[in-house]
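>>> please work out how this folds:
(2 chains)
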There are 2 protein chains.
Amino acid sequence: MYATVMHGPGDVRFEQVADPKIEKPTDAIIKLSATCICGSDLWPYRGISTQEGPAHMGHEYCGIVVEVGSEVHSVRPGQFVVGSFCISDNTCPHCSFGFQSSCMQREFMTGAQAPYARVPLADGTLVGTDDLPDADMIPHMLAVSDVLGTGWYAADAAQVRAGGTVVVVGDGAVGLMGVLAASQMGAGRIITMSRHAPRQQLAREFGATDIVVERGEEGIARIMDLTKGIGADSVLECVGLGESMEQAMGVCRPGGTIGYVGVPHGVSFDGQQLFFKQQRMLGGPAPVRRFLPDLMDRVLADAIQPGKVFDLVLPIEQVAEGYKAMDERRAIKTLLRVDA
Amino acid sequence: MYATVMHGPGDVRFEQVADPKIEKPTDAIIKLSATCICGSDLWPYRGISTQEGPAHMGHEYCGIVVEVGSEVHSVRPGQFVVGSFCISDNTCPHCSFGFQSSCMQREFMTGAQAPYARVPLADGTLVGTDDLPDADMIPHMLAVSDVLGTGWYAADAAQVRAGGTVVVVGDGAVGLMGVLAASQMGAGRIITMSRHAPRQQLAREFGATDIVVERGEEGIARIMDLTKGIGADSVLECVGLGESMEQAMGVCRPGGTIGYVGVPHGVSFDGQQLFFKQQRMLGGPAPVRRFLPDLMDRVLADAIQPGKVFDLVLPIEQVAEGYKAMDERRAIKTLLRVDA
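Numbers count the residues shown, from 1 in each chain, chains lettered A, B, ... in the order given. Next up is the predicted model:
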């Protein structure tokens, strides 16, 4: 089959690769209903994180099971499934504790920007639906796999409470999903930091009550002003850079909580500063598996439309253009159509 | 009066100073029933943190109110009171949120290693009892003021739960109080890191179920072994050095929580390491005021005896020897008798 391979920074190709096949009895092969490009795919694309040799890209996926290994019992061929970007057995102590993204058998999904993909530990990783969802549900279901699940975790980690004041740092796809999550969790006020009109509009649609366009010290001052000098109960840090983390720490109240889901690049913390700020912090790769059944139900009930975050749709053959558009911030997030 | 003044590292003197007096209408003057030396007093004593000029030492206190300012209404002369080392109004948004140690009017108590002391914001800071407690209750009441309150906060910040597995890093007075707190909160297993026999014994008395004498990588391996490779649900970091923080991070399970109450000295965190460890963290000066009423009730009901942590009792005139004994680890914590 043809699939997406990154050969180096800026060099994404749709080229022939080996068809995925069952390698272990716990594997499943799925036919993708759609796939997409993640903000984290831009780290190696931009050369900010390094990779060795060509990499099969893609870790967000939903689709139809076509084959399962002999030990797979929870999903069956023909069934529609969604999985997390973190492969997990969903039975180990870390999974049972709700942190499937730190599963003792954790792997990171790869190779999902393709018509077919192999999903390891299928029983633990995949969640199936009773019926095949309608085509218009596919973008929403796909969003659950990573970008919504990650925004949801940011809000969960930040202990968003009904009536609470929330700040979302980052207006990328994950930040926008964080707004949606905070709104679903009943936050009283959701302040989004964004200076891009289309993203501001989407943020409002997802539940943002205030938009702050200022950044740095000015952004902090604006939010402290909006919160009467108190700061936010919950802050979602959805970028992963030093500047965004400072922003988050600058607007979180003492005793408040920062959920950080942008993989930190060049971020470090001074222990004494952290101590006296007295902010609760929890980050990490999102344990999307914990949230999957609930989020899929919300999508199927039409309570949420996270797929609105896809503002560019391309046939998978044009994946390179999809990366380029996101890199140049012409697109928030690119959905790749798989019509094979 | 004579009181304790630190003139520089290693130079503690009991010398004549001005009597404390009401400076603001929200002040109270108390006659100390007893006072003590804090582990944090050793930072400047050892020259690890610097101070400018002579400092009036002491921030742990309980005693009898002798005079109040015109705006003080919640305590009255003749009443026995306990206060926190953090002065707080107990009404601002941060106080209402349970973080009185980040009160918008926060001050740090000073000058309590003395027969008399001034307590600012007396209404917010002090908690009185109906009756004068018996003399044998004084050490326990004094412990509530900081060392127990701080150990309690460590356990609270570390989200100790009934039945949970807890690790306490640090066998100083705060660490031992952390053991007591975790035990009171119903922890199922409390693993204490300690290599000093008298401290081990006290830890057991306070509720420790396991003692680990190894440190560093060996200490981590031992605890991972004890927890079947899972790690602890809650870790109390009660030291504040890089090595102890690494110890804490090395034994906390993903999704577990580290409460850190040792003021960090020379500690920094790498963002990406913190991210992938996926541990919740909350530190800071303890909001003892939040816990005071409950902890004083527990003491008066004889449910806890935190004063056992004082293993050296000296008349306040010998305060210099008290510092020396703690510095040389001959004493866990020194109580200073005030018989004036």
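>>> alpha carbons only for contacts and neighbour counts from here, please
Noted.
>>> and the residue nearest to A:E107 when sequence neighbours are not counted, what is it in contact with?
Closest residue in space to A:E107, ignoring its immediate chain neighbours: A:I87 at 5.0 Å, by Cα to Cα, 6 or more residues apart in numbering or on different chains. By Cα atoms under 8 Å, 6 or more residues apart in numbering or on different chains, the contact set of A:I87 is A:101, A:103, A:105-109, A:119-121, A:124-125.
>>> list the beta-bridge partners for A:I258.
Beta-bridge partners for A:I258, by DSSP bridges, are A:V235, A:M281.
>>> same deal with A:I29?
Bridge pairing for A:I29 - DSSP bridges - gives A:E67, A:R118.
>>> show me what contacts it?
A:20-22, A:65-68, A:116-119.
>>> let's see that with 10 Å instead.
The contact partners of A:I29, taken as Cα atoms under 10 Å, 6 or more residues apart in numbering or on different chains, are A:20-23, A:63-69, A:77, A:116-120, A:122.
>>> quick one: buried ones out of the residues you listed?
A:20-22, A:63-69, A:116-120, A:122 (16 or more other Cα atoms under 10 Å in any protein chain shown).
>>> next up, phi/psi of the closest residue to chain B within the stretch 101-250 of chain A, please.
When scored by Cα to the nearest Cα, the stretch 101-250 of chain A has A:S102 as its residue closest to chain B, at 6.4 Å. Dihedral angles phi and psi of A:S102 (degrees, to the nearest 10) take the values phi -120, psi 20.
>>> that one against B:R253, yeah?
Yes. If you go by Cα atoms under 10 Å, A:S102 and B:R253 touch, sitting 9.3 Å apart.
>>> quick one: the strands in the stretch 101-250 of chain A, in order.
A:107-108, A:116-119, A:126-128, A:165-169, A:189-193, A:210-212, A:232-237 (DSSP state E, counting those that start in this stretch).
>>> from the contact counts, what lies against the fourth one?
Okay, so that is strand A:165-169. helix A:149-157, helix A:173-184, strand A:189-193, strand A:210-212, strand A:232-237, helix A:242-251, strand A:252-260 (3 or more Cα pairs under 10 Å, 6 or more residues apart in numbering or on different chains; DSSP states H and E).
>>> point out the most buried one among those.
Highest mean neighbour count of these: strand A:232-237, a mean of 32 (counted as mean count of other Cα atoms under 10 Å in any protein chain shown).
>>> find the nearest non-adjacent residue to the most centrally placed residue in chain A, please.
What sits nearest the mean C-alpha location of chain A, by Cα atoms, centre = their mean, is A:V147, with 2.4 Å. Distances taken as Cα to Cα, 6+ apart place A:V174 nearest to A:V147, at 5.3 Å, with adjacent residues excluded.
>>> and that neighbour, what is it in contact with?
A:38-39, A:143, A:146-152, A:154, A:168, A:180, A:236-239, A:261-262, A:309, A:332-333.
>>> what about it, distance to A:L180?
Separation of A:V174 from A:L180 (Cα to Cα, to the nearest Å) stands at 10 Å.
>>> ok so, going back, now the helices and strands packed on strand A:165-169 in CSV, with mean pLDDT?
Putting the helices and strands packed on strand A:165-169 into CSV (pLDDT from 0 to 100) gives the following:
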stretch, mean pLDDT
helix A:149-157, 98
helix A:173-184, 98
strand A:189-193, 98
strand A:210-212, 98
strand A:232-237, 98
helix A:242-251, 96
strand A:252-260, 98
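>>> show me the contacts for A:C92.
A:99-100, A:102-105, A:124, B:230.
>>> is A:L335 located within a strand, as I assumed?
Yes. Assessed with DSSP: H, G, I helix; E, B strand; the rest coil, A:L335 lies in a strand.
>>> nearest spatial neighbour of it, skipping sequence neighbours?
Per Cα to Cα, 6+ apart, closest to A:L335 is A:C36, 4.4 Å.
>>> count the residues that sit near the one you found.
30 (other Cα atoms under 10 Å in any protein chain shown).
>>> let's see the pLDDT reported for it.
Per-residue pLDDT puts A:C36 at 98.
>>> distance of it relative to chain B?
A:C36 is 24 Å from chain B, where distance means Cα to the nearest Cα, to the nearest Å.
>>> isn't that residue right next to A:H140, touching?
No. Taking contacts as Cα under 10 Å, A:C36 lies outside contact range of A:H140: 11.7 Å.
>>> which residues do the two both contact?
In contact with both A:C36 and A:H140: A:F310, using Cα under 10 Å, 6+ apart.
>>> ranges for the helices of the stretch 201-340 of chain A?
With DSSP state H, counting those that start in this stretch as the criterion, the stretch 201-340 of chain A has helices at A:216-226, A:242-251, A:271-277, A:288-300, A:319-327.
>>> tell me the buried residues in the first one?
Applying a neighbour-count criterion of 16+ other Cα under 10 Å, one finds A:219-224 buried in helix A:216-226.
>>> elements contacting that helix?
strand A:189-193, strand A:210-212, strand A:232-237, helix A:242-251, strand A:252-260.
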